[in-house]
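Chemist: pasting the sequence and the predicted coordinates here, then a few questions.
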Amino acid sequence: MRTQSTRRGTKLRLATLLSFTLIAAACGGGSDGDSSDAESTNAVEGTGDGDPEANDAPATSANKVEEGTVEEDDDPIRGGTLRYGLEADVDGLNPTSSGWSSPGLMMANAVFDSVAAFDAEGKPVPYLAESIEPVGGDLTRWQVTLRPGITFHDGTPLNSEALQINFETQRADPLVGLAVRPIFPEVGASEIIDDLTLQYNLLEPWAQFAASLASQVGYVASPTWLTAALKNPALNQEPVGTGPFKFDSRSPDSVTRFVRNDDWWAGDAYLDAVEFVPVTDPDTRNDLLFKGDLQALQTSNPASIIDLQDDPDIQNIVDETGDEGLVIMNAEEAPFDDIRARKALTFATPLENIRELVGLGISRPADQMFIPESIYYNPDVVQEGDMPEVAVALAAEYCADRGTEINPVTGEPTCTGGKINMEYQFAGPSVTATRIAEILDEGWSSAFNVTFDELAQDDHINQVALGLYNAGIWRYFGSTDPSTDKVWLMCRTIGFISLNFPRYCDEERDDLIIEGQATNDPAVRIPTYQEISQKLHDSYTYVFLTHTMWDNAFAPEVRGICDQTSPDGTLLRCSGGGRTWFDAVWITG
């Protein structure tokens, strides 16, 4: 194993101009979708090309309480501050320009409301919207009608103009726009119908469009504040929404504080304040909860989850329907522009060791982007690994043909000593990430000479998005409805900056994605997405490792954790992708 390589060049110099933070949530992480042809204006409506009750609900409940007993009192108590430990901080709190991963979406749930939200069965229901309806019959035009009488924290009214300003600002943003622009035409993407109704015009039919409005795209900020933030980016740290809590103060990488909005349009919030505390080390985060310095936390670290579940007083809200941990390969550059090299890395991957030593029996093995309970799961897709003899033969064949070529990432020949030279890039410093790298290298070394490149998270994401990597560790996919994961897969999202991180174009796969999103009929969607899973496997651009398990853990005095409802009284999903709600939460005296 060698030390970190030196290289980069023009693309790297341009990368320093970017602040490309996590964008998995920008178009839908953790999404689901459903539509029907019902006439009610208080429902998400579709075209009736399939049974809406059978379409998209998960086969099992998304959340379960693993440990701890919630003894609800008759009447919630107002007051108190909930201190919530996050796995990281984010670059800003502006839904139109900030890159939000799970921590950003968590904080957004306090200060913003979204156009739609997911109910307890994982189906999108209107939230800020009164209705979300397709028009014209082809599922390319959707009208969102907002609820009347809602104002932002600064007194600006919520109307169709405000919604359009949010949408068009997102679409124009160099970061968030990467996830939004490929879905809409360049001209005429939105149009105001009346004071409360905005129409979205899509490039292709999308029966599950409402699901995207429960993601970052659907969080709505004050247009007055957005205009000011464009002139003064420092305001991106001081969000103005319509939510149950108002911004109070923020010290990046320390504490972000929101206080109760007594004029919230949707009812009453009980807590005086919510404080979000980023604690990057999972053991430290757990200790702060056990000591009472935090009342809640999020974690996807298996060892931390075991410790939390071993404490009978801790309430654990577990969600394992989300993203997958996987290795990605850059199929645009040598050596992984050759499928023999991609197969060699796949077969050399020590799957059993990774799953046992890192997953610890908590994170389930992943073969594809769907959990076995999903209606889209393809039982014929099985992730290969632990076959070093196959990897050695493939590497020898590759090196015989292309061994003298130059790897543009490392600047070295693609092969040395009959093994393929490659760089493995990961975010750090992290004890767990380093351990994963060492375990992977133990398997890969049968056929590869591996260079480690440990980078700060933002730099790692920059370089993956720009294609300045060979292979890396990643966590994504995970939308309950796969249509909202299309930005990570389609050919049109490959560019100078790419959301299709392997930079692998498969036009047949694109056609299947469009086919699958154009209907709600399970008889069409299920085999379509199963075929997409097979194509993902056959491209050998990903090595699936584990399904991510999220645990949102709460101290015993916290109540109302799963009592969030929509304005129409529909019970909402308790947690998803590591985030929860706050307006129904209260703390016992």
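Modeler: Yes, it's here.
Chemist: and Asp194, what is it in contact with?
Modeler: Neighbouring residues of Asp194 by CB atoms under 8 Å, 6 or more residues apart in numbering: Ser160. Where C-beta positions appear, they are placed from N, C-alpha and C, glycine not excepted.
Chemist: what's it sitting at in phi/psi?
Modeler: Backbone geometry at Asp194, expressed as degrees, to the nearest 10, gives phi -150, psi -170.
Chemist: who does it bridge with?
Modeler: On the basis of DSSP bridges, Asp194 is bridged to Thr197.
Chemist: mind checking how far it is from Val220?
Modeler: The spacing between Asp194 and Val220, counted by CB to CB, to the nearest Å, is 17 Å.
Chemist: repeat that for Leu198.
Modeler: Look at Leu198 and Val220: by CB to CB, they are 11 Å apart.
Chemist: list the residues that contact both of the two?
Modeler: Common contact partners of Leu198 and Val220 (CB under 8 Å, 6+ apart): Leu163.
Chemist: contact partners for Pro379?
Modeler: Pro379 touches Pro372, counting by CB under 8 Å, 6+ apart.
Chemist: and it, that's in a strand?
Modeler: No. Read with DSSP: H, G, I helix; E, B strand; the rest coil, Pro379 is coil and lies in no strand.
Chemist: and the gap between it and Gln530?
Modeler: Computed as CB to CB, the Pro379 to Gln530 distance reads 9 Å.
Chemist: again, but for Arg402
Modeler: Counting by CB to CB, the separation of Arg402 from Gln530 is 34 Å.
Chemist: next: Thr227.
Modeler: Applying CB to CB, the value for Thr227 to Gln530 is 46 Å.
Chemist: more crowded one of those two?
Modeler: Each of Thr227 and Gln530 has its neighbours counted (other CB atoms under 10 Å); Gln530 has more, 21 against 12.
Chemist: for the strand or helix carrying the more buried one, give me every contacting residue.
Modeler: Per DSSP states H and E, Gln530 falls inside helix 522-539. Under the criterion CB under 8 Å, 6+ apart, residues 50-51, 54-55, 331, 342, 367-370, 375-378, 380-381, 383, 482, 489, 502, 504, 506, 508-509, 512-513, 515-516, 519, 542 lie in contact with helix 522-539.
Chemist: which one's more surrounded, Leu198 and Val220?
Modeler: Higher neighbour count among Leu198 and Val220: Val220, with 29 against 24, using other CB under 10 Å.
Chemist: so what's the more buried one scoring on pLDDT?
Modeler: Per-residue pLDDT puts Val220 at 98.
Chemist: I figured it hits Pro239, correct?
Modeler: No. Judged on CB atoms under 8 Å, Val220 makes no contact with Pro239 at a distance of 11.0 Å.
Chemist: which of the contacts of helix 522-539 fall within strands?
Modeler: Tyr542 (DSSP state E).
Chemist: just the buried ones out of the contacts of helix 522-539, please.
Modeler: Taking 16 or more other CB atoms under 10 Å as the criterion, what is buried in those is 50, 55, 331, 342, 367-370, 375-378, 381, 383, 482, 489, 502, 504, 506, 509, 512-513, 515-516, 519, 542.
Chemist: quickly run through the sheet partners of the strand or helix carrying Arg250, with directions.
Modeler: Assessed by DSSP H and E, Arg250 sits inside strand 245-251. Applying DSSP bridges, strand 245-251 is found paired with strand 255-260 (antiparallel).
Chemist: which parts of the strand it pairs with are buried?
Modeler: Using 16+ other CB under 10 Å as the test for burial, strand 255-260 gives Thr256, Arg257, Phe258, Val259, Arg260.
Chemist: likewise stretch 169-180?
Modeler: Thr169, Gln170, Arg171, Asp173, Leu175, Val176, Gly177, Leu178, Ala179, Val180.
Chemist: just checking, the fourth one touches Thr96?
Modeler: Okay, so that is Asp173. Yes. The criterion here is CB under 8 Å, and Asp173 meets it with Thr96 at 5.8 Å.
Chemist: wait, isn't Leu82 in contact with Phe276?
Modeler: No. Using CB under 8 Å, Leu82 makes no contact with Phe276, being 9.3 Å away.
Chemist: burial measure for Arg147, as a count.
Modeler: By other CB under 10 Å, 18 other residues sit near Arg147.
Chemist: for it, which non-adjacent residue is spatially closest?
Modeler: Of all residues not flanking Arg147 in the chain, Glu130 sits nearest, at 4.8 Å (CB to CB, 6 or more residues apart in numbering).
Chemist: is that neighbour in a helix, a strand, or coil?
Modeler: Taking three-state DSSP as the rule, one finds Glu130 in the strand state.
Chemist: and the gap between it and Ser160?
Modeler: The spacing between Glu130 and Ser160, counted by CB to CB, is 12 Å.
Chemist: any residues in contact with both of those two?
Modeler: Common contacts of Glu130 and Ser160 (CB under 8 Å, 6+ apart): Leu146, Leu196.
Chemist: who has more neighbours out of those two?
Modeler: The neighbour comparison of Glu130 against Ser160 (other CB under 10 Å) goes to Ser160, with 21 against 17.
Chemist: could you pull out the helices in the stretch 151-300 of the chain for me?
Modeler: In the stretch 151-300 of the chain, the helices defined using DSSP state H, counting those that start in this stretch lie at 160-172, 177-180, 209-212, 223-231, 282-291.
Chemist: now do the third one: distance to the chain's middle.
Modeler: Shown here is helix 209-212, whose average C-alpha point lies 14 Å from the average C-alpha point of the whole chain (CA atoms, centre = their mean, to the nearest Å).
Chemist: what's the angle from the strand holding Arg250 to helix 223-231?
Modeler: 20 degrees (axes from the mean of the first three to the mean of the last three CA atoms, to 10 degrees).
Chemist: mind listing residues that contact strand 245-251?
Modeler: The contact list for strand 245-251 (CB under 8 Å, 6+ apart) reads 93, 110-111, 153, 237-240, 255-261, 269, 271, 273-274, 582-583.
Chemist: now do 10 Å
Modeler: Applying CB atoms under 10 Å, 6 or more residues apart in numbering, the contact partners of strand 245-251 are 89, 92-93, 107, 109-112, 152-154, 225, 237-241, 255-264, 269, 271-276, 582-583.
Chemist: just the buried residues out of those residues, in ChimeraX syntax.
Modeler: In ChimeraX, this line selects whichever of those come out buried by 16+ other CB under 10 Å:
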select :89,92,93,107,109,110,111,112,152,153,225,237,238,239,240,241,256,257,258,259,260,261,264,269,271,273,274,275,276,582,583
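Chemist: mind listing which of the contacts of strand 245-251 are in strands?
Modeler: Among these, the residues falling in strands (DSSP E) are Val255, Thr256, Arg257, Phe258, Val259, Arg260, Ala273, Val274, Glu275, Phe276.
Chemist: the first one against Leu294, yeah?
Modeler: No. Shown here, Val255 and Leu294 do not form a contact pair, counting by CB atoms under 10 Å, at 11.4 Å.
Chemist: overlap in contacts of the two?
Modeler: Shared contacts of Val255 and Leu294 (CB under 10 Å, 6+ apart): Arg83, Glu275, Val277.
Chemist: let me have these in JSON lines, extended by distance to Phe290.
Modeler: Output for the shared contacts of Val255 and Leu294, formatted as JSON lines (distance: CB to CB, whole Å):
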{"residue": "Arg83", "distance to Phe290": "13"}
{"residue": "Glu275", "distance to Phe290": "18"}
{"residue": "Val277", "distance to Phe290": "15"}
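Chemist: could those residues go into JSON lines alongside distance to Leu326 and pLDDT?
Modeler: Listed next are the shared contacts of Val255 and Leu294 as JSON lines, based on distance: CB to CB, whole Å; pLDDT from 0 to 100:
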{"residue": "Arg83", "distance to Leu326": "33", "pLDDT": "98"}
{"residue": "Glu275", "distance to Leu326": "34", "pLDDT": "98"}
{"residue": "Val277", "distance to Leu326": "29", "pLDDT": "97"}
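Chemist: good, we can wrap up now.
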